[in-house]
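Asker: I'll drop the sequence and a predicted model, then ask my questions.
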Amino acid sequence: ILNVEQSPQSLHVQEGDSTNFTCGFPSSNFYALHWYRWETAKSPEALFVMTLNGDEKKKGRISATLNTKEGYSYLYIKGSQPEDSATYLCALTAYGGSQGNLIFGKGTKLSVKP
Amino acid sequence: DSGVTQTPKHLITATGQRVTLRCSPRSGDLSVYWYQQSLDQGLQFLIQYYNGEERAKGNILERFSAQQFPDLHSELNLSSLELGDSALYFCASSEGKGHYGYTFGSGTRLTVV
């Protein structure tokens, strides 16, 4: 059974702080790693998808890195703003019988205080 | 609006009952996925359909079933409902087999009383 581990479970930061979260996954049968942003009462929204070891993606103040050999990805938020408050989900696509379905971690809930 | 439409948004029903959740995928998407989000749990994969055929099954209970129709919309049927089935049910869709991610609907909040 594939397992995606995210840490920390929750995080409280002040506006302007930079922060990062971790996603751990089994490195065997790796196909792609996804990050989603999920605001309360809305649907999860795709941030990044990464497939290659060493991949780095950036969107505004948010960036992500990928290490497929050791099985982890980091999500960074620079200069957090209150509107960044959300749950950040990591998900794995693996080769094999999963047929492309994503295996999600439990998420990191970020609260940014003004 | 993500383009994935789920109805109803909220549903309250009694134990033992049966409900149907509906999902219309984004235009052009052939795959539909169903996920369950329970309290303190991550998004749990239930089932995937691709162009009308079941493609993958996850942690879906025998009391639950789904199908995808020729117009590509999908329905998730939940029967003999228990209190523990109360959850947020998400539908997502993708153009192909989903390896590069999906688009989510806004979910159906099911409360079993």
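Answerer: Alright, I've got the coordinates. Numbering: from 1, shown residues only, chains lettered A, B, ... in the order given.
Asker: Let me see the ranges of the strands in the chain.
Answerer: You didn't say which chain, so I picked chain A. Here chain A has its strands, by DSSP state E, at A:5-7, A:10-14, A:19-24, A:30-38, A:45-50, A:56-59, A:62-67, A:72-77, A:86-94, A:103-104, A:108-113.
Asker: Hmm, no, I was thinking of chain B.
Answerer: In chain B, the strands defined using DSSP E lie at B:5-7, B:10-13, B:19-24, B:31-37, B:43-50, B:53-57, B:64-68, B:74-78, B:87-94, B:103-104, B:108-112.
Asker: Was I right to think B:Gly58 contacts B:Leu43?
Answerer: No. Applying C-beta atoms under 8 Å, one finds B:Gly58 not in contact with B:Leu43, separated by 10.3 Å. C-beta here means a position set from N, CA and C on the backbone, and glycine is covered the same way.
Asker: thinking again about what came up before, could I get the strands of chain B in TSV, plus columns for distance to chain A, mean pLDDT and mean neighbour count?
Answerer: Shown next, in TSV, are those (distance: least, C-beta to the nearest C-beta, whole Å; pLDDT from 0 to 100; neighbours: other C-beta atoms under 10 Å in any protein chain shown):
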stretch	distance to chain A	mean pLDDT	mean neighbour count
strand B:5-7	9	97	17
strand B:10-13	11	97	14
strand B:19-24	12	98	19
strand B:31-37	6	94	26
strand B:43-50	4	92	23
strand B:53-57	4	91	15
strand B:64-68	13	97	19
strand B:74-78	14	98	20
strand B:87-94	7	95	24
strand B:103-104	4	94	22
strand B:108-112	10	97	18
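Asker: now the strands of chain A in JSON lines, with mean neighbour count?
Answerer: Converted to JSON lines, the strands of chain A look like this (neighbours: other C-beta atoms under 10 Å in any protein chain shown):
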{"stretch": "strand A:5-7", "mean neighbour count": "17"}
{"stretch": "strand A:10-14", "mean neighbour count": "13"}
{"stretch": "strand A:19-24", "mean neighbour count": "19"}
{"stretch": "strand A:30-38", "mean neighbour count": "22"}
{"stretch": "strand A:45-50", "mean neighbour count": "18"}
{"stretch": "strand A:56-59", "mean neighbour count": "13"}
{"stretch": "strand A:62-67", "mean neighbour count": "20"}
{"stretch": "strand A:72-77", "mean neighbour count": "20"}
{"stretch": "strand A:86-94", "mean neighbour count": "24"}
{"stretch": "strand A:103-104", "mean neighbour count": "22"}
{"stretch": "strand A:108-113", "mean neighbour count": "18"}
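Asker: Distance to B:Glu95 for these - can I get that in JSON lines?
Answerer: Shown next, in JSON lines, are the strands of chain A (distance: least, C-beta to C-beta, whole Å):
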{"stretch": "strand A:5-7", "distance to B:Glu95": "27"}
{"stretch": "strand A:10-14", "distance to B:Glu95": "34"}
{"stretch": "strand A:19-24", "distance to B:Glu95": "25"}
{"stretch": "strand A:30-38", "distance to B:Glu95": "15"}
{"stretch": "strand A:45-50", "distance to B:Glu95": "13"}
{"stretch": "strand A:56-59", "distance to B:Glu95": "20"}
{"stretch": "strand A:62-67", "distance to B:Glu95": "23"}
{"stretch": "strand A:72-77", "distance to B:Glu95": "24"}
{"stretch": "strand A:86-94", "distance to B:Glu95": "14"}
{"stretch": "strand A:103-104", "distance to B:Glu95": "20"}
{"stretch": "strand A:108-113", "distance to B:Glu95": "28"}
